[in-house]
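A.B. asks: show me how the following folds:
(one chain, ligands or ions: 1)
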Amino acid sequence: MNNAFLASHIELIEKNIMSFVPEAKEQYSVISEAMKYSLESGGKRVRPVLTLEFCRILGGDTEKALPLAIAVEFIHTYSLIHDDLPCMDNDDMRRGKPSSHIKFGEDKALLAGDSLLTHAFSCIASAELSAQQRIDAVKELSGYAGVNGMIGGQIVDLEGENAGLDIDSLFLMDKLKTAALITSACVLGCIGADRYDMIPYAKEFALNLGLAFQIIDDILDFLEGEDNSDIISGKSTYVSLLGLEKAKAVASEYTDKAHSALAEIDGDTSVLKYFADALLNRNK
Ligand code: GRG
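C.D. replies: Residues are numbered from 1 along each chain as shown. Take a look at the predicted model:
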């Protein structure tokens, strides 16, 4: 994604992310190794970039907000490790590499996910921000990642695996499973900049961006043939329920709505608009 601000956010994230992983004692150092393995480059860093960009345009210090951005990426990475486990999606590969449980075994992959989840909140607690900002960031991130957020969405997904989902349940699943964490990223950017007044607009942007993001994810899986098994097994996606062309149109509509939500943001939103378009037109 060729934009100077996005590139500088990614550079800040890549340069520092491993320093947030706690070093474990020799006897159990494999846990740090497993955490780092899944955090290694290959991910697009969508969520931490959103945190840093919201913080920047609202006048905050991106270096001080970095631990918040990293915390969201830790939660995202834990969710991918657990999502790949045999009891979940049972995927052997992630980002072209063996999944955590293939590389380290199921037991250690489970614990690597747990460690990332746990340590995310330590990153926030240690940030150089006010106590109120840190408390609010913990509350928001735990809310969006938890029962009424990503976990709830995963449950809707599991429950729908055999029965199939109608379009309303699919919307609910994507709102919780994918858009919720993206929302936490944008909200934490506002908190990092101490601009709580911008949170409602950031949420509106993030919900629409998140839905577009998940629909494109479904489309890419379908086009790569990876998830045709979903369709055969009756697992519902926007592609299986609406067809490819309609799914593309819906993703584009949500991206337009995300653009519109930015009108209320008190800052230069041109990079966020560019980013939303880049995610809509992405090929991975
Ligand atoms: C607690 C047992 C347990 C499991 C948790 C919550 C959960 C399992 C899984 C989360 C659900 C999930 C994987 C949602 C998909 C969201 C999504 C589109 C992920 C891909 O995000 P990208 O494209 O990934 O940003 P990269 O590879 O770029 O980081």
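A.B. asks: so which elements touch the helix or strand harbouring Ser184?
C.D. replies: Assigned by DSSP states H and E, Ser184 belongs to helix 180-192. With contacts taken as 3 or more Cβ pairs under 8 Å, 6 or more residues apart in numbering; DSSP states H and E, helix 180-192 sits against helix 46-57, helix 62-84, helix 131-145, helix 150-163, helix 199-224. Just so you know, the C-beta spots here come from the backbone N, C-alpha and C atoms, and that holds for glycine as well.
A.B. asks: quick one: low-confidence parts of the stretch 1-150 of the chain?
C.D. replies: Residues of the stretch 1-150 of the chain that meet the criterion pLDDT under 70 lie in 1-2.
A.B. asks: how about whichever residue of the chain sits closest to the ligand: what's its closest non-neighbour residue?
C.D. replies: In the chain, the residue that lies nearest the ligand is Gly43 (2.9 Å; Cβ to the nearest ligand atom). Residue nearest to Gly43 in three dimensions, not counting chain neighbours: Arg95, with 6.7 Å by Cβ to Cβ, 6 or more residues apart in numbering.
A.B. asks: surely that neighbour and Ser38 touch.
C.D. replies: No: using Cβ atoms under 8 Å as the test, Arg95 is too far from Ser38 to be in contact (9.1 Å).
A.B. asks: who's more crowded, those two?
C.D. replies: Ser38 (25 against 13; other Cβ atoms under 10 Å).
A.B. asks: contact partners for the more buried one?
C.D. replies: 77, 80-81, 94, 100, 112, 116 (Cβ atoms under 8 Å, 6 or more residues apart in numbering).
A.B. asks: ok, 6 Å please
C.D. replies: 77, 81, 100 (Cβ atoms under 6 Å, 6 or more residues apart in numbering).
A.B. asks: of these, buried ones?
C.D. replies: Buried members of these, scored by 16 or more other Cβ atoms under 10 Å, are 77, 81, 100.
A.B. asks: what residues does the second one make contact with?
C.D. replies: By Cβ under 6 Å, 6+ apart, Ile81 lies in contact with 38, 100, 109, 112-113.
A.B. asks: Arg282: how many residues sit nearby?
C.D. replies: By other Cβ under 10 Å, 14 other residues sit near Arg282.
A.B. asks: same deal with Val250?
C.D. replies: So Val250, with other Cβ under 10 Å, has 16 neighbours.
A.B. asks: likewise the one 4 residues further on?
C.D. replies: Taking other Cβ under 10 Å as the criterion, the count of residues near Tyr254 is 23.
A.B. asks: hang on, Ile124 packs against Val138?
C.D. replies: Yes: between Ile124 and Val138 there is a contact at 5.4 Å, judged by Cβ atoms under 6 Å.
A.B. asks: looking at the two, which is more packed in?
C.D. replies: Higher neighbour count among Ile124 and Val138: Ile124, with 27 against 17, using other Cβ under 10 Å.
A.B. asks: what about that one, which SS state?
C.D. replies: helix (DSSP: H, G, I helix; E, B strand; the rest coil).
A.B. asks: close to the ligand: what parts of the stretch 1-150 of the chain are there?
C.D. replies: Within the stretch 1-150 of the chain, the residues that sit near the ligand (Cβ under 6 Å from any ligand atom) are 43-44, 46, 79-80, 82-83, 88, 95, 150.
A.B. asks: buried ones only from the residues you listed, please, as a PyMOL command.
C.D. replies: To isolate the buried members of those in PyMOL, using 16+ other Cβ under 10 Å:
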select buried, resi 43+46+79+80+82+83+150
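A.B. asks: quick check: which element contains Ser169?
C.D. replies: helix 167-174.
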